[in-house]
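*Asks:* for reference, the sequence and a predicted model appear below.
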Amino acid sequence: RGLGQLDRFYNRDRQNSNLTQPVPEPPSFRTPARSTRSSDKGWFRSLFVHKVDARKDAHSNLLSKKEISNLYKIQFHNVKPECLDAYNSLQTEVQTRLHRDQDYPCEVVGSWNTWYGEQDQAVHLWRYRGGYPALSDCLQKLRDNKEYLEFRKERAKMLISRQNQLLLEFSFWNEPLPREGPNIYELRTYNLKPGTMIEWGNRWARAIKYRQKNNEAVGGFFTQIGDLYVVHHLWAYESLQSREETRNSAWQQEGWDVNVYYTVPLIRHMESRIMIPTKSSPLQ
């Protein structure tokens, strides 16, 4: 349902962003050159035909799901190597209790340890059904929870650093639901050029169909608070070999190469993590 909105605002976003450079068409899609006289007429006509007003809505309203008001939080914890086992045990105990307690409007979507990528790292994804009010309610209750405060003190002794981001999910991605394992998970993180989020969403709203045949698509998110213009795509595979075969099969489908061609210039930096779910993770 978000695809129509993305189409309406795609050209607006491109024209109103001073930081976004036009992306040329792939060579195989270029049309024959027209005469200078014809081009001049086309340019003159475009002054009247393609004029648009400034975009009057936020990216989050155009890209996220309207029928549900989920807010997500992703946490990156860099753990002291000698403390990783103790950290996992303590984190699992507290996560499970919060996940099952109906008084706290939050739930664990998934918990992992990074296998390939930054080592001795834990990644946690939370869902707050009800958006920012649910987040505020949960944080207030945790501030009054003495057991949780003691847990934070104990956990702090095990950490080197930590970071979190608040996320919304793309309207065209499926909502991440519990799944049976065993699986490995890949978290692909894209830092986009400012002003390109609408174009990214426009392209991926079409491209996601190429990556759903093997049920590998878990969830797609973009940041609201934290590092901005960051996109996270979460994928599940049976193994590294399965990952390679699944990704290679996408290139055999007509249209996938076009998506890659147009989205790569939007990226400033990208990162891939291969992660192993913890025992208590709903995503196994």
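*Replies:* It's in. Residues are numbered from 1 along each chain as shown.
*Asks:* quick one: low-confidence residue ranges for the protein.
*Replies:* 1-62, 64-68 (pLDDT under 70).
*Asks:* now with 80?
*Replies:* Confidence mapping of the chain against pLDDT under 80 gives the ranges 1-69, 213.
*Asks:* please enumerate the helices of it.
*Replies:* 2-16, 36-49, 59-63, 84-100, 131-143, 146-156, 197-207, 240-250, 256-263 (DSSP state H).
*Asks:* quick one: contacts of stretch 148-158?
*Replies:* Outside stretch 148-158, the residues that touch it by Cβ atoms under 8 Å, 6 or more residues apart in numbering are Val79, Lys80, Cys83, Ala86, Tyr87, Leu90, Gln91, Val94, Leu142, Arg143. In short, each C-beta sits where N, CA and C put it, glycine included.
*Asks:* report the contact partners of the second one.
*Replies:* With contact taken as Cβ under 8 Å, 6+ apart, Lys80 is in contact with Asp120, Met158, Leu159, Ile160.
*Asks:* ok, Arg179 - contacts?
*Replies:* Counting by Cβ under 8 Å, 6+ apart, Arg179 has contacts Val218, Ala236, Leu283, Gln284.
*Asks:* strands - which of those residues land there?
*Replies:* Val218, Ala236 (DSSP state E).
*Asks:* of the contacts of Arg179, buried ones?
*Replies:* Val218, Ala236, Leu283, Gln284 (16 or more other Cβ atoms under 10 Å).
*Asks:* list just the nearest of the contacts of stretch 148-158 to Arg247.
*Replies:* Using Cβ to Cβ, Val79 comes nearest to Arg247 of the contacts of stretch 148-158, at 29.4 Å.
*Asks:* need the max-distance pair from the contacts of stretch 148-158.
*Replies:* Greatest spacing in these, by Cβ to Cβ: Lys80 and Arg143 (26.1 Å).
*Asks:* possible to save the contacts of Arg179 as a markdown table with distance to Arg127?
*Replies:* Below are the contacts of Arg179 laid out as a markdown table (distance: Cβ to Cβ, whole Å):
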| residue | distance to Arg127 |
| --- | --- |
| Val218 | 13 |
| Ala236 | 17 |
| Leu283 | 12 |
| Gln284 | 17 |
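*Asks:* quick one: which of the contacts of Arg179 is nearest to Leu166?
*Replies:* Nearest member of the contacts of Arg179 to Leu166, counting by Cβ to Cβ, is Val218, at 18.7 Å.
*Asks:* got a list of what the closest residue to the closest one other than its chain neighbours touches?
*Replies:* Closest residue in space to Val218, ignoring its immediate chain neighbours: Leu234 at 4.2 Å, by Cβ to Cβ, 6 or more residues apart in numbering. Counting by Cβ under 8 Å, 6+ apart, Leu234 touches Gly110, Leu125, Pro176, Tyr185, Glu186, Leu187, Arg188, Val218, Gly219, Gly220, Phe221.
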